[in-house]
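**Student:** Fold the following for me, if possible:
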Amino acid sequence: MINRGSFLFVESNTTGTGELLMERARVLGFDPYLVTRNSARYPFLKDSVAQVIEAETRSPDELIGVAAKLRRLAGIYSSSDYFVEAASIVATAIGLPAANPEAIATCRNKWKQAAELQRQSITIPETRLATSVRDLEKILTQAALPVVLKPVSGSGSSGVRFCDNAAATIKAFESARGALLNQVDLPSRDVLIQQYVEGKEYSAEIVAYEGKLHCLGILAKHKSPLPCFVEVGHDFPAPLPELSSEEVTSFAASAVSALGLEFGPAHVEFVITESGPMIIEVNPRLAGGMIPVMLSHALGTSILDMVIRLYAGEGFTPPRASKRAGSIRFRLAHTSGKLKCLRFSRNPEPTVAEAGFLKSEGDEVQINGDFRDRVAYAIGVADELNAAAAAAQGMIDSVVIDFEAATGESDDNQVAGSSQTSWNLHPEAMKLLAPPIQISRDSHLLRHQATIDEAHLVMLADQGLISQTAAADLLKHISDLQDEGFQSLEGREAPRGLYLAYEAEVASRAGPERAGWLHLARSRNDLNATISLLVLREAACSISREIGILQDALLRRAEETSTLVAPLYSQYQIALPGSPGHYLLGIFFGVSRERQRLHSMLEDIRSCPMGAGAGGGTSLAIDALKTANLLGFGHPSFNSLDAVASRDHNLQGLSAFAGISILLSRMAQDLQVWTTREFAFIDIPNNLAGGSSMLPQKKNPFLLEHIKGSASAVIGAYVSAATATCKSPFSNSIEVSAYGCSPLGLAEDALKRAIILTSLIVKHMSFDVRSMREDLEDGSSMTAVAVERIAARGVPFRRAHTLIGEIARRLSKDRCVAGRRSELESHLAGVLPASLEECRDALQFGGGPGKRSTDDQLSVAKTLFRDMQLKCADISERLVHANVDRKRRVQELLNRDPAG
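**Tutor:** Numbers count the residues shown, from 1 in each chain. All right, here's what the predicted structure looks like:
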């Protein structure tokens, strides 16, 4: 083989394509070199074809010196996110093919990337930057949860966390700042706070060359359960039911162009939401996660070879379109420890193109909640995507993984936290009442449990009821569980409930003796009561923020449409001229009362049940006020029985949720009628409507039916909770604590869906001015004002009402609209308003739709909205301060010298 010179790799992926690129460079005839500041990061180097050069890779000058010494250097490339900029600087400096270093730098700094994408009108989630806890506190009073936190210069989902409450956000912020230290020794002072957006995730694999952007493929992503974002699979070509492949490719390419990437690969991550595609981030490098290998199998062309040749100056030829489909699946480790066994239990089928391991037996595995949790992969290739995905999934399902048991680990069959070992639930009962833990379902409860543990342990240590060393050790393990997203509990049997399974995991880490202090001076009764309040408080705050978005939309559209004319209806009959603004203000005030109910309830949730124990308190000298304050409550419960027995706040919250959903369903009913051809008052854009599977002319405003249907779920949740609570004993009771509280999640999801859909429709619907006026033009709707004007001249109201009623009935139905209007004017000269606007504006008293009245209403509504936003922010800020204070106290204990 002809030697084609040297090829320099600046650092590398630790898993995946990094090692493979060096192997392919050798196969293509290059002498591969790897320059690294720490060769110990790469276990594969002992068998690598690459020659290793140790140098300071964070210094471009030192890298240029290394490159200058290599004989016939053909190209420079980095498969590591953290060093693509350095590689481009060096390649540019010595005249080798490379992307623009400034464009790379903009991409690598996700805050700068977001700003540039926004500047060029590329749709992205709402994004903010935090460099301190104080920044974060301010953001939390403004941003709507949930959010996603990520290091500004991170990669591979390291430090990326979903957060749906302030405590989780603060915890994730501290974790994100140190997420890169143990990987590449890089601190990340700045952390990105992005609005979490719902939708299916995709990636576009693009190569820029000679002024053109070539899309290798659109892939659908599969992710691990929240709060982590580990990619566990990819499918090619991605099924795109809502948009065409051309539309998606054009959207992804526009982001690449906006960032000035004109050379080399780009990995574009995006979400397709209900309102369209939205860029999550653009990475100026080849995709990770073995995606290039899967694509190579599916396309029948080596993507790695393409990249090496591109950076060696040999040009780029796009691969031919392939009819083959590819799929990759990963197996994650769900617990930390030393790998005892890792193998596939079956041989690959012909449709499995490749399968392998990313860890080895004997490796120490630490759960990180990122790409490092992957232990195996399998790639399926077939003519149909379903067959490729099934092949990859079947192979990955056959992975056998086992860890060496930790010393002192308790027997899984023994119930942790119980003084008896005979409480083994019957298998059939367990299947019904205690299913295995699912993080996607149970993570929010585990998160609240850990929050309570933090407050409880700080209090116990301050009171001298347990040693500071014991508290710090337990807090360290609880902190680890939070950082891992409780993944080690995934699939764990919970025969005695979620808490005892959680406590057993803490015991397996801290040891039974130390973990035994965790439950001092408390019971599952006060724990469950406190968790129910934390869940309710979080749900109510979340709903309040969504209502705030809806109120803002209602106010904006009300002000915009208050000068238009539209009918006011009574019993579906036209009553008077009004305006869309008047109608929307009516909805605004109704929604505002319901939001005030929520705020009143949140202000009333001030008593913390912790300390009530099983219902009779405790003999230990606890400081229940301190625990309450650390959890954001004003004071402890005054009566221990009331603390564990009462769930009235839960019913109040569900009642408020039901009230909101009823109001929104009534509005949706009106809007649906007004979209019909017979009315045609409003139009809903195509991206908020649907077509008929049979009738080509139909446009279905089906989101309005979802809004109406959501009300049934919310009302049903209230009835279910009230029925469960009714006639239960006034003490801790499963009927109340389980069946009375569990409907809240269903109600919150349904109501949030209804509010968001209503907000979207209010923001984007349009009004047909002509249609709204059409049925008012005959003047009959103005006769009520004519009656009042006659009465104002001294004629008794009932007599005036009768006279004009007879005139209206005598109007010829055969005459045109203008003819009927003319006939009315001839009978009612001097009292019938001259125009619809005059009639509407005459209705200025009693909160009518007149201009003066509407202006007054808008002024009141704006003040009310501002006050409610401030109240919501005040409640959120109070909870944030409590979370910050608790985290500070936890950190003090963790930092304290155990011997002190």
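**Student:** Quick one: the helices in the stretch 651-800 of the chain, in order.
**Tutor:** Using DSSP state H, counting those that start in this stretch, the helices found in the stretch 651-800 of the chain span residues 702-725, 734, 743-764, 769-774, 783-792, 797-810.
**Student:** For the fourth one, give me every contacting residue.
**Tutor:** This points to helix 769-774. 564-567, 580, 679-681, 836 (Cβ atoms under 8 Å, 6 or more residues apart in numbering). Heads up, the C-betas are built off the backbone N, CA and C, glycines and all.
**Student:** can you rerun that using 7 Å?
**Tutor:** With contacts defined as Cβ atoms under 7 Å, 6 or more residues apart in numbering, helix 769-774 is touched by 564-566, 680-681, 836.
**Student:** okay, the helices of the stretch 651-800 of the chain, which one's buried deepest?
**Tutor:** A comparison of the helices of the stretch 651-800 of the chain by mean neighbour count, using mean count of other Cβ atoms under 10 Å, puts helix 743-764 on top with a mean of 21.
**Student:** could you say what helices and strands that helix packs with?
**Tutor:** With contacts defined as 3 or more Cβ pairs under 7 Å, 6 or more residues apart in numbering; DSSP states H and E, the secondary structure elements packing on helix 743-764 are helix 524-561, helix 648-674, helix 702-725.
**Student:** CA atoms of that helix as PDB?
**Tutor:** Listed next in PDB are the C-alpha coordinates belonging to helix 743-764 (Å, rounded to 0.1, in the frame of the first residue of the first chain):
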ATOM      1  CA  PRO A 743     -55.400  11.400  40.800                       C
ATOM      2  CA  LEU A 744     -53.500  14.800  41.100                       C
ATOM      3  CA  GLY A 745     -50.900  13.800  38.500                       C
ATOM      4  CA  LEU A 746     -53.500  12.900  35.900                       C
ATOM      5  CA  ALA A 747     -55.400  16.100  36.600                       C
ATOM      6  CA  GLU A 748     -52.200  18.200  36.300                       C
ATOM      7  CA  ASP A 749     -51.200  16.600  33.000                       C
ATOM      8  CA  ALA A 750     -54.700  17.000  31.500                       C
ATOM      9  CA  LEU A 751     -55.100  20.600  32.700                       C
ATOM     10  CA  LYS A 752     -51.600  21.700  31.600                       C
ATOM     11  CA  ARG A 753     -52.300  20.200  28.200                       C
ATOM     12  CA  ALA A 754     -55.600  22.100  28.000                       C
ATOM     13  CA  ILE A 755     -54.000  25.400  29.100                       C
ATOM     14  CA  ILE A 756     -51.100  25.200  26.700                       C
ATOM     15  CA  LEU A 757     -53.400  24.300  23.800                       C
ATOM     16  CA  THR A 758     -55.700  27.200  24.600                       C
ATOM     17  CA  SER A 759     -52.700  29.600  24.800                       C
ATOM     18  CA  LEU A 760     -51.600  28.400  21.400                       C
ATOM     19  CA  ILE A 761     -55.000  28.900  19.800                       C
ATOM     20  CA  VAL A 762     -55.600  32.300  21.400                       C
ATOM     21  CA  LYS A 763     -52.200  33.500  20.200                       C
ATOM     22  CA  HIS A 764     -52.600  32.300  16.600                       C
END
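**Student:** Now do it and helix 702-725, the angle between them.
**Tutor:** Comparing the axes of helix 743-764 and helix 702-725 via axes from the mean of the first three to the mean of the last three Cα atoms, to 10 degrees yields an angle of 160 degrees.
**Student:** for the record, mean pLDDT for helix 743-764?
**Tutor:** Along helix 743-764, the predicted confidence averages to a pLDDT of 94.
**Student:** quick revisit: the helices and strands packed on helix 743-764: which one's closest to Met610?
**Tutor:** Using Cβ to Cβ as the criterion, the shortest distance between Met610 and the helices and strands packed on helix 743-764 is 5.2 Å, found for helix 524-561.
**Student:** so what does that closest one touch, helix or strand wise?
**Tutor:** Where contact means 3+ Cβ pairs under 7 Å, 6+ apart, helix 524-561 is packed against helix 439-462, helix 580-604, helix 640-645, helix 648-674, helix 743-764, helix 851-895.
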